[in-house]
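Engineer: Kindly return the folded structure for what I paste below:
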Amino acid sequence: MAHVVHAGPSSHAPRRTHPTLGADGADDAGRYGRVAIVHDWLVSYAGSEKVLEQIIRMFPNADLYSIVDFFPEQHRDALGGKHASTSFIQHLPRAKSSFRAYLPLMPLAVEQFDLSSYDLVLSSSHAVAKGVLTGPNQVHVSYVHSPIRYAWDLQHQYLDEAGLRRGVKSWLARSLLHYMRIWDQRTAHGVDAFVANSGFVARRIRKVYGSEAVVIYPPVDVERFGLGAQHEDFFLIASRMVPYKRIPLIVEAFAVMPDKRLVVIGDGPDFERCKVLAAPNVDLLGYQPDSVLVDHMQRARAFVFAAEEDFGISVVEAQACGTPVIAYGRGGARETVIDSHDPERATGLFFSEQSVDAIVDAIARFEAHVPFRSEVCRHNAQRFTAERFRRDFMGIVERTVEANRGAGGTGGAGDVPSLIRRRWRSA
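Structural biologist: The predicted structure follows:
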């Protein structure tokens, strides 16, 4: 079992201010020298980009690097108006629509970023960003949303979903993923401190890289999701409709519960499959603007979640609205939802397997449960604010820099985290 270090509200992290930081946690005095921020790719404003947004707020003068930058211009303010320095993949044919097809080239691409003039490198990584090249006199802190999922524990699931179980294409895909695993492990040695977005991911980091990670949960804009006036008699799921989210499974489960109404918000590859499976009690709304999403989250009786997520921001957003969650009991949901018979603590309940029967049983248990309290759900969500993220992340950066200086600039990935742990515990 990995030793997981939490830097959250329940940790022993010191609650002190940083004399060089601005009101929003920004490094106004530039005490860390030249700073580079590396993100895998910029194509949408989703969960990992919201982490990036907060890192940029802390280091507004940093230079930004990304494999490609096709970020929606209407959200460019989230990046402080920055445009990233990009790799050669940016200019390859159909890169905007099919950049993932260039995955075999991404390790090479990220290694071409010349960061030798920077003192501090911060990577936001769920694929290759943590593999940037850094030297012994540089500090590299990597916020890992997950090690490359499709190359490690989810390889067989991804091959199944892509129809690559057998044949020449399957052999080529497996060879590529094998190469990615070797590269991913090797480049882990260039990281001075790993930060994981959940204890679940920290355990992945321990198994894959053999390194410890400090857990800092992603920032959630809790204030955007206020308590609703009254819950109505429908269940809600809001998500991108990609296979691992298991939206068709939820739709299929409600097809055998005709007296229960389900509202589904979101679009993606599985939308057509959901249309085939949907019974009259299931409303498929497709993509909806933010105002409609928030309104439904506030009014829903419960939010249903069947994915094994690394964290799961939507689960926290639902609780911020005072809405309890019925979730698959694996992955990050176990750290964000409280399944308890105590109404002063309970914010939802879990089901143990991704199956129709398990979801049907969970709905029945939910209806028999002591009523969930909206204010308890919201209080739990407030553990994940952006302010908390900035404070804890800046604390890790500060301690990693101090530990590296104390080691004469030679502290490696195996040494610095242990120094961080001792300092957090003794603070």
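
Engineer: in stretch 369-387, what's buried?
Structural biologist: 369, 372-374, 376-381, 383-386 (16 or more other Cβ atoms under 10 Å). Any C-beta I mention is one placed from the backbone N, CA and C, and that applies to glycine too.

Engineer: hey, what's residue 39 bridged with?
Structural biologist: Beta-bridge partners of residue 39, counted by DSSP bridges, are residue 66, residue 124.

Engineer: After whatever helix or strand residue 249 lives in, heading C-terminal, what element do we hit next?
Structural biologist: Taking DSSP states H and E as the definition, residue 249 sits inside helix 247-255. From helix 247-255 onward toward the C-terminus, using DSSP H and E, the following helix or strand is strand 262-265.

Engineer: Distance from the chain centre to that following strand, please.
Structural biologist: A distance of 23 Å separates the centroid of the chain from that of strand 262-265, by Cα atoms, centre = their mean, to the nearest Å.

Engineer: for that strand, packing partners?
Structural biologist: Secondary-structure packing of strand 262-265 (3 or more Cβ pairs under 8 Å, 6 or more residues apart in numbering; DSSP states H and E): strand 235-238, helix 247-255, strand 282-286, helix 290-299.

Engineer: just the angle between the helix holding residue 249 and strand 282-286, please?
Structural biologist: Angular relation of helix 247-255 and strand 282-286 on a 0 to 180 degree scale: 150 degrees, by axes from the mean of the first three to the mean of the last three Cα atoms, to 10 degrees.

Engineer: Helix 247-255 - contacts with which helices or strands?
Structural biologist: Other helices and strands packing on helix 247-255, by 3+ Cβ pairs under 8 Å, 6+ apart, are strand 235-238, strand 262-265, helix 271-277, strand 282-286, helix 356-368.

Engineer: redo that, cut-off 10 Å
Structural biologist: strand 235-238, strand 262-265, helix 271-277, strand 282-286, strand 302-305, helix 356-368 (3 or more Cβ pairs under 10 Å, 6 or more residues apart in numbering; DSSP states H and E).

Engineer: With mean neighbour count and distance to residue 69 as added columns, please give those in a markdown table.
Structural biologist: Shown next, in a markdown table, are the helices and strands packed on helix 247-255 (neighbours: other Cβ atoms under 10 Å; distance: least, Cβ to Cβ, whole Å):
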| stretch | mean neighbour count | distance to residue 69 |
| --- | --- | --- |
| strand 235-238 | 25 | 27 |
| strand 262-265 | 22 | 28 |
| helix 271-277 | 15 | 28 |
| strand 282-286 | 17 | 28 |
| strand 302-305 | 26 | 31 |
| helix 356-368 | 16 | 39 |
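
Engineer: got a markdown table for the ones you listed, with mean pLDDT and distance to residue 349 too?
Structural biologist: Converted to a markdown table, the helices and strands packed on helix 247-255 look like this (pLDDT from 0 to 100; distance: least, Cβ to Cβ, whole Å):
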| stretch | mean pLDDT | distance to residue 349 |
| --- | --- | --- |
| strand 235-238 | 98 | 13 |
| strand 262-265 | 98 | 17 |
| helix 271-277 | 97 | 24 |
| strand 282-286 | 97 | 21 |
| strand 302-305 | 98 | 9 |
| helix 356-368 | 97 | 6 |
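
Engineer: coming back round to it: what's the closest of the helices and strands packed on strand 262-265 to residue 55?
Structural biologist: Between residue 55 and the helices and strands packed on strand 262-265, the tightest spacing by Cβ to Cβ is seen for helix 290-299, at 22.5 Å.

Engineer: Per-residue confidence, residue 56, what does it come out as?
Structural biologist: At residue 56 the predicted local confidence, pLDDT, stands at 98.

Engineer: and if you look at the one 5 residues further on?
Structural biologist: Here the pLDDT value assigned to residue 61 is 95.

Engineer: Quick check: it is in a strand.
Structural biologist: No - the secondary structure assignment for residue 61 gives coil rather than a strand, going by DSSP: H, G, I helix; E, B strand; the rest coil.

Engineer: Was I right to think it contacts residue 34?
Structural biologist: Yes - because the distance of 8.7 Å satisfies Cβ atoms under 10 Å, residue 61 is recorded as touching residue 34.

Engineer: These two: which is more packed in?
Structural biologist: residue 34 (15 against 12; other Cβ atoms under 10 Å).

Engineer: okay, stretch 67-87 in PDB with CA atoms only?
Structural biologist: Once side chains and other backbone atoms are set aside, the C-alpha atoms of stretch 67-87 remain, and they are given as PDB (Å, rounded to 0.1, in the frame of the first residue of the first chain):
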ATOM      1  CA  ILE A  67       2.000  20.000 -27.300                       C
ATOM      2  CA  VAL A  68      -0.800  21.800 -29.200                       C
ATOM      3  CA  ASP A  69      -2.800  25.000 -28.400                       C
ATOM      4  CA  PHE A  70      -6.300  25.000 -30.000                       C
ATOM      5  CA  PHE A  71      -7.900  26.400 -26.800                       C
ATOM      6  CA  PRO A  72     -11.300  28.000 -27.300                       C
ATOM      7  CA  GLU A  73     -10.700  31.700 -27.500                       C
ATOM      8  CA  GLN A  74     -13.800  32.500 -25.400                       C
ATOM      9  CA  HIS A  75     -12.100  30.800 -22.500                       C
ATOM     10  CA  ARG A  76      -8.600  32.200 -23.100                       C
ATOM     11  CA  ASP A  77      -8.900  34.500 -20.000                       C
ATOM     12  CA  ALA A  78      -8.700  31.300 -17.900                       C
ATOM     13  CA  LEU A  79      -5.100  31.100 -19.100                       C
ATOM     14  CA  GLY A  80      -4.400  34.700 -18.200                       C
ATOM     15  CA  GLY A  81      -4.700  35.500 -21.900                       C
ATOM     16  CA  LYS A  82      -1.600  33.400 -22.600                       C
ATOM     17  CA  HIS A  83      -0.900  31.500 -25.800                       C
ATOM     18  CA  ALA A  84       1.300  28.400 -25.400                       C
ATOM     19  CA  SER A  85       4.600  27.800 -27.100                       C
ATOM     20  CA  THR A  86       3.700  24.600 -29.000                       C
ATOM     21  CA  SER A  87       5.500  21.600 -30.500                       C
END
